[in-house]
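Colleague: have a look; sequence and predicted model below, questions after that.
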Amino acid sequence: MHPLIAKVTGTPWVSGLRRDDFSIDIALACEQVSSEKPELIFLTTPNNPSGTSISLPDIETLAQAAQSVGGLLVIDEAYAEFSTEPSAVTLLTTFPNLVVIRTMSKAFAFAGVRLGYMAANAIVVDAIQLVRLPYHLSALTQAVALVALDFRDELLESVEKLIKAREKMVLELGDLGARVIPSSANFLLFTVPSSHTSGEVWRSLLDQGVLIRDVGLSGYLRVTIGTDDENERFLNALRKSLGGSK
C-alpha cells in the first residue's frame, strides 16, 4: 500500500532491501537511509506477507539512522499482538522522530470498523492534527473502540490460542515437505514441495473450497490461522493437493 499511496500523492518512493529469507539487513538499511536521506521511512513488523519481525535493538539502530538525516521512522505494528517482540512504543521517549501505528482490525477482529491509531511524540501528533482528514472517524466507531478497550482482556483471549495453533501448523506443514518462514503474525508464508507449483496448489485448494493467499511471491503461498476446524480442513485439502507427497 505504501508505494501505491506514494504514487497517488506524487511522492518519490524507494523500496528497501530484504534478504532472501525476508529478514532485514539493518546495516544495509542504514546505508540506504544515509544515501537516500528519506523524509519518511516505513518499517512493518511483523511484516506482511512474511510474518517476520524485527528486534527492538535493530529498530533503535534504524531510528538513529533516520534521526541523522532528519527523517521520521514509521513502525507499522498491525500484527504486534501476535508477536513476542517488545513494542517500538517503548522507544518513543528516546526518539522523537519515531511513530508507531497500529490497528484494531487484526487481534481485535475489528476489520469492518476500519480503526487505526498511532503513538508518537506530542510535536508529531500536533502536526498530524493539522493535516488529517476532517471526518476520519465517526462517533460510532470511536464509541465501539472505547468499549473494545474496556473488554480488551476478553477480546484478546483468542490471541494465545492462535499462537499455539500457528506453531502446530508450522509442524504440520513441515511434515508435508513445505518450508515455512518463521512468523510472528496470524498467518504463515510457506513454500510447496518442488514437485508442485504454488499456482497448481492454490488452484487445487480453491477447487476444494479452501481459499488462501497467493501473495505474488513465486513459489510461496500464505495461509491465515483460523479455528481448529478451519486449520484441519486446510491441511486435509493441502494433503490431497500434494497427493500425499512428503
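Modeller: Yep, that arrived.
Colleague: give me the helices and strands touching whichever strand or helix holds L173, please.
Modeller: Assigned by DSSP states H and E, L173 belongs to helix 157-175. If contacts are counted by 3 or more CB pairs under 8 Å, 6 or more residues apart in numbering; DSSP states H and E, helix 157-175 sits against strand 187-191, helix 228-241. No exception for glycine: its C-beta is placed from N, CA and C like everyone else's.
Colleague: end-to-end on stretch 96-106?
Modeller: Across stretch 96-106, the terminal residues are separated by 27 Å (CA to CA, to the nearest Å).
Colleague: can you list the residues that contact it?
Modeller: Residues outside stretch 96-106 that contact it (CB atoms under 8 Å, 6 or more residues apart in numbering): 63, 66-67, 70-82, 87-89, 91-92, 110-111, 113-121, 123-124, 145, 148, 186.
Colleague: let's see that with 7 Å instead.
Modeller: 63, 66-67, 71-81, 87-89, 91-92, 110-111, 113, 115-121, 123-124, 145, 148, 186 (CB atoms under 7 Å, 6 or more residues apart in numbering).
Colleague: that older thread, who wins for proximity to P38 among the helices and strands packed on helix 157-175?
Modeller: Of all these, strand 187-191 sits nearest to P38, with 26.7 Å by CB to CB.
Colleague: run the angle between that closest one and helix 157-175 for me.
Modeller: 10 degrees (axes from the mean of the first three to the mean of the last three CA atoms, to 10 degrees).
Colleague: quick check: pLDDT value at D20.
Modeller: pLDDT, D20: 88.
Colleague: ok, now how distant is it from F82?
Modeller: Distance of D20 to F82, computed by CB to CB, to the nearest Å: 24 Å.
Colleague: likewise for Q64?
Modeller: Taking CB to CB, one finds Q64 at 27 Å from F82.
Colleague: compare those two (neighbour count), which wins?
Modeller: Neighbours per residue (other CB atoms under 10 Å) separate Q64 from F82, with F82 holding more: 22 against 15.
Colleague: quick one, what contacts that one?
Modeller: Applying CB under 7 Å, 6+ apart, the residues near F82 are 46, 107, 159, 162-163, 184-186.
Colleague: same question for S23.
Modeller: T52.
Colleague: helix, strand, or coil at it?
Modeller: coil (DSSP: H, G, I helix; E, B strand; the rest coil).
Colleague: now the helices for this protein?
Modeller: 2-8, 26-36, 56-68, 122-131, 139-150, 152-155, 157-175, 198-207, 228-241 (DSSP state H).
Colleague: wait, which of the ones you listed is closest to S218?
Modeller: The nearest among the helices of the chain, by CB to CB, is helix 198-207 at 7.2 Å.
Colleague: how close does F42 get to V74?
Modeller: 5 Å.
Colleague: burial measure for the residue nearest to I5 when sequence neighbours are not counted, as a count.
Modeller: What sits nearest to I5 in space, not counting adjacent residues and going by CB to CB, 6 or more residues apart in numbering, is T11, at 7.9 Å. By other CB under 10 Å, 12 other residues sit near T11.
Colleague: just the CA trace of the helix or strand of the chain with the lowest mean pLDDT, in PDB.
Modeller: Scoring the helices and strands of the chain by mean pLDDT, DSSP states H and E places helix 152-155 at the bottom, with a mean of 86. Extracted C-alpha coordinates of helix 152-155, given in PDB (Å, rounded to 0.1, in the frame of the first residue of the first chain):
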ATOM      1  CA  ARG A 152      -9.700  -6.000  25.800                       C
ATOM      2  CA  ASP A 153      -8.800  -8.900  28.000                       C
ATOM      3  CA  GLU A 154     -11.800 -10.900  26.800                       C
ATOM      4  CA  LEU A 155     -11.300  -9.900  23.100                       C
END
